[in-house]
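Trainee: below are the sequence and a predicted model for it; my questions follow.
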Amino acid sequence: MQTTFALLRQEIVQENPLVGDFLEKWPALRMESQVCAEFHRITNVNLRNQLFSELDRHTLRLIALYRQKAARTGKVSEALREILRICDLQEVQDVHMKRNAALRALPLYLLREEDPQFFKSWSAEEVDRPDITNTPVAIVSVVTEGTPSQVDLSPARTAILVEGDFVIRNIPRMADSFALLFGLMYVLHLDYPKKLINTFTFIQKVLMGLDDGKPLKPCLLNLKNDLLLRE
């Protein structure tokens with residue numbers, strides 16, 4: 001089995017197949033456990049444990065930084081205020097809610113990164129699925145009550161979309177989708193979304209500790225230092 005995984009990995013790196021074509025050969029990668037197992041085989045890092053332990057360590061500071069920027073003027077500050085407002089209105093303020101808020105606001109905080117195609121919402125009451133035209137990568141939040149909004153921090157469930165294919169469905173939380181999507185990017189040798197490069201580089205190098213030998217961009221280095229100085 002280990003040899004089979006190695007050969008499949010070699011095919012991904014050398015031939016760069018379409019995700020849908022590759023998943024026909026390796027359908028097990030539609031399972032959360034298999035993504036985590038293959039990520040560990042490649043990196044020797046536990047995907048969920050590493051990401052969430054580091055995220056939890058920095059969440060309070062991240063949200064404090066978001067609030068500082070949200071107090072300013074401009075579209076980014078306005079968008080951050082909306083995320084924080086929705087977070088503050090949630091009845092349950094547990095670790096999962098804080099993770100969701102920290103990750104949802106991270107792209108905005110980092111050099112105004114935001115991709116309207118990356119975060120999608122879908123009402124379970126709708127017959128038609130959300131528009132996924134020209135959407136290479138997305139996290140889809142499914143809500144069961146009310147009208148979907150641009151910011152859903154407590155969806156009923158989430159799903160991962162890659163190249164127009166719902167690769168993994170029924171993921172309980174947004175933070176879990178982030179973790180699994182990051183794992184899939186490593187396993188399938190996918191490029192980070194162009195509009196979210198800083199976000200996923202921060203996850204890779206700062207939260208996951210997976211250094212590629214390249215220096216951090218100033219915005220990422222500043223955020224890393226700001227977090228470390230206040231531990």
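Mentor: Yep, that arrived. What you are looking at is a predicted structure, and each value in this text was computed from that prediction instead of being measured.

Trainee: just the element for residue 201, please.
Mentor: According to DSSP states H and E, residue 201 maps onto helix 197-202.

Trainee: which helix or strand in this protein has the lowest average pLDDT?
Mentor: helix 2-15 (a mean of 58; mean pLDDT, DSSP states H and E).

Trainee: now do stretch 211-218, average pLDDT.
Mentor: Stretch 211-218 shows a mean pLDDT of 91.

Trainee: quick check: the gap between the residue most central in space within the chain and residue 25.
Mentor: In the chain, the centroid-proximal residue (C-alpha atoms, centre = their mean) is residue 178; its distance is 2.6 Å. For residue 178, the distance to residue 25 equals 26 Å [C-beta to C-beta, to the nearest Å]. The way it works is simple: take the backbone N, C-alpha and C, and place the C-beta from them, glycine included.

Trainee: now residue 183
Mentor: In terms of C-beta to C-beta, residue 183 sits 18 Å off from residue 25.

Trainee: wouldn't residue 141 be in contact with residue 123 here?
Mentor: No: contact criterion C-beta atoms under 8 Å: residue 141 and residue 123 do not qualify, at 10.1 Å.

Trainee: more neighbours: these two, which one.
Mentor: residue 141 (28 against 15; other C-beta atoms under 10 Å).

Trainee: now do the same for that one: its pLDDT.
Mentor: Reported pLDDT for residue 141: 90.

Trainee: just the strands in the protein please.
Mentor: 119-123, 137-143, 157-162, 165-171 (DSSP state E).

Trainee: show me the contacts for the residue nearest to the centre of the chain.
Mentor: By C-beta atoms under 8 Å, 6 or more residues apart in numbering, residue 178 lies in contact with 51, 103, 139, 203.

Trainee: the same query, at a cut-off of 6 Å, please.
Mentor: residue 103 (C-beta atoms under 6 Å, 6 or more residues apart in numbering).

Trainee: where do the helices of the chain begin and end?
Mentor: 2-15, 19-25, 32-43, 47-70, 75-89, 95-109, 174-187, 197-202, 218-229 (DSSP state H).

Trainee: not counting its neighbours along the chain, what's nearest residue 112?
Mentor: Spatial nearest neighbour of residue 112, excluding adjacent residues (C-beta to C-beta, 6 or more residues apart in numbering): residue 76 at 5.0 Å.

Trainee: for that neighbour, the count of nearby residues, please.
Mentor: Residue 76 is flanked by 17 other residues according to other C-beta under 10 Å.

Trainee: over to the one 3 residues further on?
Mentor: Around residue 79 sit 19 other residues, with neighbours defined as other C-beta under 10 Å.

Trainee: so how far is residue 142 from the closest residue in space to it that isn't next to it in sequence?
Mentor: Closest residue in space to residue 79, ignoring its immediate chain neighbours: residue 108 at 5.3 Å, by C-beta to C-beta, 6+ apart. Counting by C-beta to C-beta, the gap from residue 108 to residue 142 is 23 Å.

Trainee: just residue 181 next, same as before
Mentor: 16 Å.

Trainee: so which of those two has more stuff around it?
Mentor: A count of neighbours by other C-beta under 10 Å puts residue 181 above the other of residue 181 and residue 142, at 25 against 22.

Trainee: and the more buried one, what does it touch?
Mentor: Contacts of residue 181 by C-beta under 6 Å, 6+ apart are residue 160.

Trainee: recalculate using a threshold of 7 Å.
Mentor: Listed by C-beta atoms under 7 Å, 6 or more residues apart in numbering, the contact set of residue 181 reads 139, 160.
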